[in-house]
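Novice: Kindly return the folded structure for what I paste below:
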Amino acid sequence: MHQQVCTYYEKGIFPVVHLCCQLGETFFIAYTGVFHSLISMFFFHVFCTSQVESVCAALTSEVQELGRRNTSLEAAGKEAPTLREQCTALTKKNNVLLELLGEKTEALEELQADLDDVKKVYRTQLEQVMGNHTQQQPDAT
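Specialist: Numbering: from 1, shown residues only. As a prediction, this is how the structure comes out:
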C-alpha cells in the first residue's frame, strides 16, 4: 500500500489521497458529532415525553375528579327544586307558628293582667273584710 501511495505521490495524486483521508477524518468527526447530537436529542425527547406523560396523567386524574364532582353536583341540582318546595312549605309553616305564638303570648299577657286585677280586687276585699272584722272585735269587748 505504501508503494501505491508513493506511486500516487510520484504521479502527483498523493495530495488528493491525503486530502481524501483528511476529509474522511473530518467526515468521521462530523458524523460522530452528529451521532452525539442525535443521541442527546433522543434522550431529550425521551425526557420530554416522560414529562408530557406525567402531565397527561395528572390532567386525566383531574378530569376524572371533575367528572365525579359534576355527577354529584348534577344529582344535587336535581334535588334543588324539591328542596326549594320544602323550604317554601317550612317557611309558611314557620310563619303560621310564629303568628300563633304571638297570639298566644298576647292572650297570656292579657290573662296575666286580668290575674293582677283579680289579685288587687281580692286584696282590697280582704283588707275590707279584715278592717270590718277588726272594727267589730273591739266593740264586742
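Novice: Every contact and neighbour count from this point should use C-alpha atoms.
Specialist: Fine.
Novice: For the helix or strand hosting D116, which helices and strands make contact with it?
Specialist: Assigning secondary structure by DSSP states H and E places D116 in helix 14-140. On a contact count with 3 or more C-alpha pairs under 8 Å, 6 or more residues apart in numbering; DSSP states H and E, helix 14-140 meets helix 2-11.
Novice: one more time with 6 Å
Specialist: Contact here means 3 or more C-alpha pairs under 6 Å, 6 or more residues apart in numbering; DSSP states H and E; on that basis helix 14-140 packs against no helix or strand.
Novice: how close does T105 get to L97?
Specialist: As defined by C-alpha to C-alpha, to the nearest Å, T105 lies at a distance of 12 Å from L97.
Novice: Ok, Q137 next?
Specialist: As it turns out, when the distance is counted by C-alpha to C-alpha, Q137 lies 58 Å from L97.
Novice: where does the protein dip in pLDDT?
Specialist: 1-31, 33, 138-141 (pLDDT under 70).
Novice: change it to 80
Specialist: 1-36, 133-141 (pLDDT under 80).
Novice: residue nearest the centroid of it?
Specialist: The central residue of the chain, meaning the one whose C-alpha is nearest the mean C-alpha position (C-alpha atoms, centre = their mean), is R69 at 9.8 Å.
Novice: show me what contacts it?
Specialist: Contacts of R69 were listed using C-alpha atoms under 6 Å, 6 or more residues apart in numbering, and none were found.
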